[in-house]
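Student: model this:
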Amino acid sequence: MDRKQTGQTVSQQIRRVSVLGILVAMILATGAGLWISLTQESAARDRTLTAAVQAVADAMALADGEEWAEAAAYVEEATRNISGIDLFAVYGPDGSPQVFYDAEAGDDTGSGEDRIAPLDAALMELLQASGEPVFDDAQAPEGADHCAYTAVVDRDGTVRGYVMAGLYLQSIHDTVLRTLAVYLLIGAAALGVGTLLSTQLARRIKSDLLGYEPDAFRDLFLRRMELLDALDEGMLAIDKEKHIIYINRAAAEMLSFDKSAVVGKPLSQVYPQSTIPRVMRTGRAEYNVGLESLKHVRILSDRMPVWRGGKIVGAVAIFRNRTEVANLAKELTGVQHIVEAMRAYTHEFMNKLHVILGLLQLGEAKQAEEYVLQLTQTRALSVGMISERIAEPSVAALLIGKSCRAAELGVRMTLDPESHLSADANYLPTAGLITILGNLIGNALDAFSNAPSGVLHEVDVTIRESDRGLILSVDDNGPGMTPELREHIFERGFTTKGGSHGTGLFLVKSVVDAYNGDIRVESTQGVGSSFIVTFRPPEAEQDEGTDPAPEPQSQP
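Tutor: Numbering: from 1, shown residues only. Now for the predicted structure:
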């Protein structure tokens, strides 16, 4: 399976989520941090401004008799030593500006009448009434953003003037930019670290997923679960705590379990007689262990421990229905067909013995002798013809037995005189020949079960082997098949006879396909059916110019 994914990879997904998370966190942290910083900065500025104007006002109030020029020199010296103050101003008792100092410019700008306006009466009344510094940005000098004012009051309570300290707007902007720059640097560092960690996490996850992307791993997992669930063999897995972690459909049916109900439960609770945990103690696999399911179905089990990192972490068991395995083995090896043929031969022989015994008991010794001679001659001719043309003993025995079975059913079975099969056929093994011929002949004999009586029932078998190929043909003059029926006859489990049938023609098709053969079916209702199987030599399959093996004439 291709381990690449057309969509986003796990690395891209984790990196995207990480980056988005960091960005969101950075935006929220920056906004909150900026608001907190600005709030704290604003409170600190206010404290600085009020402390500055109050200190200057108190100092000037104590300087009795000093000139305003000397006061201006004091203001200049004070502002030089106070950080966070951009400008100072001193006003006379009438609110007119007397001294103005711009700390940002670094020099005394004189009275400041060209930069600042006199204080209005309302503000002066407020300063006289409060006795404490007051913030008023409406009368701030040009370019200033935030200013604090207070009155200079001497010992007798007389207002000798006013003092102002202020900040330029640029100072506040600089504070905002510094704070924002710090948070941006922190966010960039967090983004870099987050990207690095997300990449390492993605690599770790992908390594844990065996190199697959999550979507590809999920598809692979589901497909394998579907494949395991479609198997005819049962499968059950337990973990090291002996809890069931997986069971497929076939195992649930064999063990009479509700598949969805047993997963996750202790094995000892749902299947007390199970010995699967034994392989976890011994560390050795066990094969073909016979056991009985909860429905008393005899099954075979293979079980083996699951190792990981040198330790046993669980066990897996595979179940097969013992009866079905035995039947399938008989079908595949041809044993069943040989046994049935010999049984039919024995049954016919016993019938002949009964006839001879009856004649002897009736005192018809001469007639019994003639019957034996005739029977011996007929059987010798039949057996001799088969053994002469079919050199493979197992196939010859099958044909003799099937002919006896046909005689029991009142069907005349004949072997084509041109038939020939060597003892060392190279086209497929003997077991394959028996599987094909046994099932095709048996299928032809079964076709007469619903055929009308009073008509001679015939089955013709042809086996022709040459350097150009092998042909196996079985023809009958039975009722034939409909086109719809012919489309399904090779499907496993399909049958028109009921019971446990439905595997014969499926096995025939499986053997034919396994050995690169070809099977053709010709059937007409009321006339009969023909099954023709052909095998070509390996060199003939590569040489399309080679003439095919001769095909027999259908004799329905």
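
Student: what helix or strand is D137 on?
Tutor: Following DSSP states H and E, there is no helix or strand that holds D137.

Student: Compute the number of surrounding residues for it.
Tutor: D137 has 12 neighbours, counted by other C-beta atoms under 10 Å. Just so you know, the C-beta spots here come from the backbone N, C-alpha and C atoms, and that holds for glycine as well.

Student: for it, what are its contacts?
Tutor: If you count contacts by C-beta atoms under 8 Å, 6 or more residues apart in numbering, D137 has them with A144, D145, H146, C147.

Student: mind listing what the last one touches?
Tutor: By C-beta under 8 Å, 6+ apart, C147 lies in contact with L49, F135, D136, D137, Q139, A140, P141, M164, A165, G166, L167.

Student: Among these, which one sits closest to L353?
Tutor: For L353, the nearest member of these is L167. The distance, counting by C-beta to C-beta, is 132.2 Å.

Student: Check which residues of the strand or helix carrying that closest one are buried.
Tutor: According to DSSP H and E, L167 maps onto strand 159-168. Along strand 159-168, the positions that meet the burial threshold by neighbour count (16 or more other C-beta atoms under 10 Å) are V159, R160, G161, Y162, V163, M164, A165, G166, L167, Y168.

Student: Quick check: phi and psi on D154?
Tutor: In this entry, D154 is assigned phi and psi values of phi -80, psi -170 (degrees, to the nearest 10).

Student: just checking, what packs against the helix ranked longest in the chain?
Tutor: Within the chain, and with DSSP state H defining each element, the longest helix by residue count is helix 10-62. Using 3 or more C-beta pairs under 8 Å, 6 or more residues apart in numbering; DSSP states H and E as the contact definition, the elements that helix 10-62 packs against are helix 68-80, strand 87-91, strand 144-153, strand 159-168, helix 169-208.

Student: between those, which one is nearest to L231?
Tutor: Evaluated with C-beta to C-beta, the helices and strands packed on helix 10-62 place helix 169-208 nearest to L231, the distance being 27.3 Å.

Student: how distant is that closest one from the center of its chain?
Tutor: Taking C-alpha atoms, centre = their mean, to the nearest Å, one finds the center of helix 169-208 at 36 Å from the center of the full chain.

Student: that older thread, by mean pLDDT, show me the worst of the helices and strands packed on helix 10-62.
Tutor: The stretch with the lowest average pLDDT out of those is helix 68-80, scoring a mean of 61.

Student: can you pull up the bridge partners for the residue nearest to D239 when sequence neighbours are not counted?
Tutor: In space, and not counting its chain neighbours, D239 is closest to G314: 4.6 Å by C-beta to C-beta, 6 or more residues apart in numbering. With DSSP bridges as the criterion, the beta-bridge partners of G314 are D239, V306.

Student: Does G314 touch I244 like I think?
Tutor: No - here G314 does not reach I244: they are 10.2 Å apart, not a contact under C-beta atoms under 8 Å.

Student: Can you pull the residues that touch both of the two?
Tutor: By C-beta under 8 Å, 6+ apart, G314 and I244 have these common neighbours: A237, I238.

Student: same for the helix or strand encompassing L440, what does it pack against?
Tutor: With elements delineated by DSSP H and E, L440 resides in helix 430-446, which encompasses its position. Here helix 430-446 touches helix 322-333, helix 335-361, helix 393-408, strand 457-466, strand 469-476, helix 504-514, strand 528-535, going by 3+ C-beta pairs under 8 Å, 6+ apart.
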